[in-house]
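Asks: Here is my input; please provide its structure:
(one chain, ligands or ions: 1)
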Amino acid sequence: MKRFLLAAAVVAAAACTTTKQEPTLKDAFKENFTIGAAINEWQIRGLDTLGVQTLTKHFNSIVAENCMKHEEIHPAEGVWNFELADKFVEFGVHNNMEIIGHCLVWHSQTAPWYFFDDKGQLVTPEVLKARIKDHITTIMTRYKGKIHGYDVVNEAIVEDGSYRKSLFYQILGEEFIPFAFECAREADPDAELYLNDYGMNVPGRRDTYVKIIKDLQARGLRIDAIGMQGHMGMDYPTVEEFEESLLAFAGTGIKVMITEWDMSALPTVNMGANVADTEEYQAKLNPYPDGLPEEPAAIWNGRMKDFMDLFIKHSDKVQRVTAWGISDRDSWKNNWPVRGRTEYPLLFDRDYEMKPFLNEYLTK
Ligand code: XIL
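Replies: Modelled structure (predicted):
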């Protein structure tokens with residue numbers, strides 16, 4: 001009997017050591033918010049095996065970096081390309097992840113046919129409305145019960161708080177936003193519906209979004225949360241101004257999400273500038289091709305920690321934090337706003353090692 005108990009104890013101890021899980025981000029933040037990543041084609045198809053391992057270990061929410069955008073999924077009238085989007089959704093269902101649909105109405109990466117008739121003239125408001133309704137209804141019906149929530153309208157407002165003069169706006173005016181939300185609610189009444197934009201710290205944009213949220217609410221339309229994209233740099237935004245916007249949005253009664261988090265570690269490029277092509281200028285813009293030195297890495301980690309602390313402080317308001325990619329090697333920032341830079345903006349480095357600022361949350 002004694003020997004049996006001893007053997008049982010040894011087996012139990014062994015089981016304990018082998019089942020002890022390494023800490024993960026999704027567990028570390030499970031009381032706060034879901035933790036997501038945008039995923040690309042190689043990850044959806046399972047070709048980036050290390051990326052997929054990191055993703056399934058640490059994240060419990062996914063969004064497609066490109067494959068659900070209009071030009072990808074609906075390249076011509078009546079032509080739908082669901083192959084990759086279906087795989088993306090299957091991947092999320094299979095791994096029991098919260099799946100986010102990005103995005104239904106956006107001025108960018110929209111196939112040109114959408115706005116023009118066969119004579120090359122801009123379509124009438126009625127035609128564009130019918131097309132929007134068809135686009136939204138087809139996607140949301142297909143993924144009903146699987147996609148948790150959608151970025152219904154993306155990047156509609158510019159810095160000074162006015163509407164972006166996109167073709168949606170030119171043809172439909174401000175009504176394109178409530179119209180899209182109405183179509184989305186009808187298509188899948190159970191899906192969450194979001195507004196999403198960058199530079200949300202800017203007061204003009206912040207104030208207009210507060211107005212738009214209130215207007216949608218006054219019309220009785222569904223709006224669950226606002227996405228603050230969170231594309232940041234070493235010198236913008238400040239934690240204080242970001243917090244101010246977060247609180248202003250939450251003050252309308254809806255949730256906030258950080259939807260496309262990344263922080264450039266490289267010199268900020270003025271988008272209006274004519275980016276010169278000289279070698280000297282390129283070297284200045286791409287100063288760390290062989291690795292991020294200690295000093296900028298410390299500043300970067302410090303800023304990321306400050307923002308993560310802010311999200312945790314307001315985790316009663318923040319329902320999701322999503323990084324725009326898994327590792328530095330797949331970040332869009334390597335090619336934007338300047339092509340061919342070596343960037344360091346994400347939560348995992350090029351070897352899928354977690355960035356140091358996250359350690360503290362894992363060991364708490
Ligand atoms: C980016 C993708 O990361 C790139 O691969 C693509 O070439 C351009 O779009 N705001 C958004 C995202 O809402 O969809 C954008 O994604 C980044 C900015």
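
Asks: roughly how far is stretch 169-179 from the heart of the chain?
Replies: Its chain's C-alpha centre lies 24 Å from the corresponding centre of stretch 169-179 when counted by Cα atoms, centre = their mean, to the nearest Å.

Asks: let me redo that: stretch 80-94
Replies: 17 Å.

Asks: Which positions in it come out as buried?
Replies: Neighbour-count burial for stretch 80-94, counted by 16 or more other Cβ atoms under 10 Å, picks out 82, 84-85, 87-89, 91-92. Any C-beta I mention is one placed from the backbone N, CA and C, and that applies to glycine too.

Asks: Distance-wise, check whichever residue of the chain sits closest to the ligand relative to D309.
Replies: Here the chain gets closest to the ligand at one residue, W332, 3.3 Å apart by Cβ to the nearest ligand atom. To D309, W332 is 26 Å away according to Cβ to Cβ, to the nearest Å.

Asks: Between those two, which is the more surrounded one?
Replies: Relative neighbour count places W332 above the other of W332 and D309, with 17 against 14, counting by other Cβ atoms under 10 Å.

Asks: residues contacting the more buried one?
Replies: With contact taken as Cβ atoms under 8 Å, 6 or more residues apart in numbering, W332 is in contact with 65, 324-325.

Asks: What parts of the chain come near the ligand?
Replies: Neighbours of the ligand within the chain, by Cβ under 6 Å from any ligand atom: 65-66, 154, 229, 260, 332.

Asks: Among the residues you listed, which ones are in strands?
Replies: Within those, residues falling in strands by DSSP state E are 154, 260.

Asks: how about a markdown table for the residues of the chain next to the ligand, with distance to F179 and pLDDT added?
Replies: Output for the residues of the chain next to the ligand, formatted as a markdown table (distance: Cβ to Cβ, whole Å; pLDDT from 0 to 100):
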| residue | distance to F179 | pLDDT |
| --- | --- | --- |
| E65 | 27 | 98 |
| N66 | 25 | 98 |
| N154 | 15 | 98 |
| Q229 | 23 | 98 |
| E260 | 24 | 98 |
| W332 | 29 | 98 |
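
Asks: out of the residues of the chain next to the ligand, which is most surrounded?
Replies: Most surrounded of those: other Cβ under 10 Å gives E260, at 25 neighbours.

Asks: I figured that one hits G199, correct?
Replies: No: taking contacts as Cβ atoms under 8 Å, E260 lies outside contact range of G199: 11.5 Å.
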